[in-house]
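S.K.: here is a sequence with its predicted model. Questions after.
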Amino acid sequence: MSDLIIDTMSEKDIDPVLSIEQASFKNPWSRISFLNELSNKYSHNFVLKLENSFETYQIIAYLCFRLITDEIHILKIAVNPEQRSKGMAFKFINHCLNTFCEQKIKSAILEVRQSNTAGIVLYEKIGFGIEAQIPNYYSDTHEDLILMRKTF
Ligand SMILES: CC(C)(COP(=O)(O)OP(=O)(O)OC[C@H]1O[C@@H](n2cnc3c(N)ncnc32)[C@H](O)[C@@H]1OP(=O)(O)O)[C@@H](O)C(=O)NCCC(=O)NCCS
């Protein structure tokens, strides 16, 4: 990750994060949702920055999760569509999980839509397994919710 930097997300990052969010999700989080997340005491939010020329950085991905006792709840990961399929999400999540694993984390869980093949395959590659499938969970598309867990 020589030209990549992982940083804690702050309020000044919200505009570029929102633009990736809106390009990535049918029901994107609003600015207020991100601000709420930044102020939540259980929340950990990171941005992945790519170094351009002249030592300037562009935010190309972000990751939001909560740490509740010994369990990580992954809420969001998204990569700028132009930077996908280059291993960015895989490296980003693994790096963040490995950093937090030093804090005696027992497992990480997340929810993903059944139609989100990219998300499900990515999570399986990181070591998550399907724990439950809740039929017809999402009212907008009537698709199933997939609950995935990785134990450490
Ligand atoms: C899901 C997402 C984060 C993946 O990001 P990415 O940087 O493209 O993923 P990576 O390049 O690190 O891919 C890692 C692995 O995931 C799988 N994968 C990634 N994109 C895939 C796709 N479109 N179809 C199938 N598998 C895919 C592959 O196994 C890949 O490993 P490989 O390239 O060695 O085969 C990205 O597609 C995205 O931002 N989607 C919109 C937001 C979203 O759905 N987030 C997840 C739910 S919160």
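M.R.: Everything's here; your move.

S.K.: C-alpha only now, for contacts and for neighbours.
M.R.: Will do.

S.K.: what are the buried residues along the longest helix anywhere in the chain?
M.R.: Criterion DSSP state H: the longest helix present in the chain is helix 88-101. Residues of helix 88-101 classed as buried by neighbour count (16 or more other Cα atoms under 10 Å): 88, 89, 92, 93, 96, 97, 101.

S.K.: of all those residues, which two lie farthest apart?
M.R.: 88 and 101 (19.8 Å; Cα to Cα).

S.K.: can I get the longest helix of the chain in PDB, CA atoms only?
M.R.: C-alpha atoms of helix 88-101 as PDB (Å, rounded to 0.1, in the frame of the first residue of the first chain):
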ATOM      1  CA  MET A  88      -8.500  -1.900  -2.500                       C
ATOM      2  CA  ALA A  89     -11.400  -3.100  -0.300                       C
ATOM      3  CA  PHE A  90      -9.600  -6.300   0.500                       C
ATOM      4  CA  LYS A  91      -6.500  -4.600   1.700                       C
ATOM      5  CA  PHE A  92      -8.400  -1.800   3.500                       C
ATOM      6  CA  ILE A  93     -10.700  -4.100   5.500                       C
ATOM      7  CA  ASN A  94      -7.900  -6.500   6.300                       C
ATOM      8  CA  HIS A  95      -5.600  -3.700   7.500                       C
ATOM      9  CA  CYS A  96      -8.300  -2.200   9.800                       C
ATOM     10  CA  LEU A  97      -9.400  -5.600  11.200                       C
ATOM     11  CA  ASN A  98      -5.800  -6.600  11.900                       C
ATOM     12  CA  THR A  99      -5.200  -3.300  13.700                       C
ATOM     13  CA  PHE A 100      -8.200  -3.800  15.900                       C
ATOM     14  CA  CYS A 101      -7.600  -7.500  16.500                       C
END
